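Engineer: pasting the sequence and the predicted coordinates here, then a few questions.
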Amino acid sequence: MKNKYLSHIDYESIITGDGSSSLRDPVTGETFHSTFGAVTESNLVFIQNGLNYFVQNQSTAKINLLEIGFGTGLNALLTLVEACRRSIQIEYTSIDAFPLSPENAAKLNFTQLAEFETFKNDFITFHNEAGIEQTFGNGLFKLKRIHIDLLELEPAKSYFDLIYFDAFSPNVQPELWSRQVFVKLYEALKPGGILVTYSSKGVVKNALRESGFTIERLAGPPGKRHVLRAVKLAD
């Protein structure tokens, strides 16, 4: 039986270039975020290129959002903050095969940063038992975490407006960046929906194109030349 937490791994806490923290896997050396700036990277890739872009270009009363790789919960935190700032309703579904243990999550300093201090209790609650629907931000932000492997996920078709694809890198988990996976996610998006990710490797671009997406290569955060936004064009 799989351990539901990665508690058997003692992740190393590191401070990234913008002062926010991340975790490093002592076995693979993989970090959960860019060492040049965890918040800076996530804010550009997922909030600016994803959520804010969608809000500016689509008219909808509620956003159905799917995240691949809950990880540290940083993307969820940034999205909660934005939902409260904009007063928009977001249903946020996030999957992770092996969620962080609360002990590892406690090593992160996000809610010690001034802009996130008022969300400290929310962030702690994020890392409670997966599978429980939780509501934050006076009902604006509904979070559902699912403990499942991406390869086993069967999302509803044409349900999601936006996908954050934040799995570990293709170097570490190449099977998650395949055409097979992206076809499934393409079908899960509504026409006009978008997928954003930090990786712009050739194999990723090819897999996205072969799945039906129209891709845009965008300027990346510090330490990264480009990131991707993939669009499912409306019929």
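Structural biologist: Thanks, I have it.
Engineer: tell me the phi and psi of Arg229?
Structural biologist: phi -130, psi 130 (degrees, to the nearest 10).
Engineer: wait, it sits on Leu51?
Structural biologist: No. Taking Cβ atoms under 8 Å as the definition, Arg229 is not a contact partner of Leu51, at 11.5 Å. (C-beta placed from N, C-alpha, C; glycine too.)
Engineer: which of these two has more residues huddled nearby?
Structural biologist: Leu51 (26 against 20; other Cβ atoms under 10 Å).
Engineer: surely that one is in contact with Phe141?
Structural biologist: No. Contact status for Leu51 versus Phe141: not in contact, 11.6 Å apart, counting by Cβ under 8 Å.
Engineer: find the residues that touch each one of these two.
Structural biologist: The contact sets of Leu51 and Phe141 overlap at Thr79 (Cβ atoms under 8 Å, 6 or more residues apart in numbering).
Engineer: tell me where the longest helix sits in this protein.
Structural biologist: helix 74-86 (DSSP state H).
Engineer: quick one: residues in contact with it.
Structural biologist: 20, 32-33, 38-39, 42-43, 46-47, 51-52, 55, 65, 67, 70, 88-90, 92, 94, 108, 110-111, 115-116, 119, 122-123, 126, 136-138, 140-141, 143, 164, 166.
Engineer: generate a PyMOL selection restricted to the buried entries among those residues.
Structural biologist: Only the buried entries of the contacts of helix 74-86 go into this PyMOL selection, using 16 or more other Cβ atoms under 10 Å:
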select buried, resi 20+32+33+38+39+42+43+46+47+51+55+65+67+70+88+89+90+92+94+108+110+111+116+119+122+123+126+136+137+140+141+143+164+166
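Engineer: among the contacts of helix 74-86, which are in strands?
Structural biologist: Leu65, Glu67, Gln89, Ile90, Tyr92, Ser94, Phe136, Phe141, Leu143, Tyr164 (DSSP state E).
Engineer: circling back: for the longest helix of the chain, buried residues please.
Structural biologist: Buried, per 16+ other Cβ under 10 Å, within helix 74-86: Leu74, Asn75, Ala76, Leu77, Leu78, Thr79, Leu80, Val81, Glu82, Ala83, Cys84.
Engineer: I appreciate the help and will end here.
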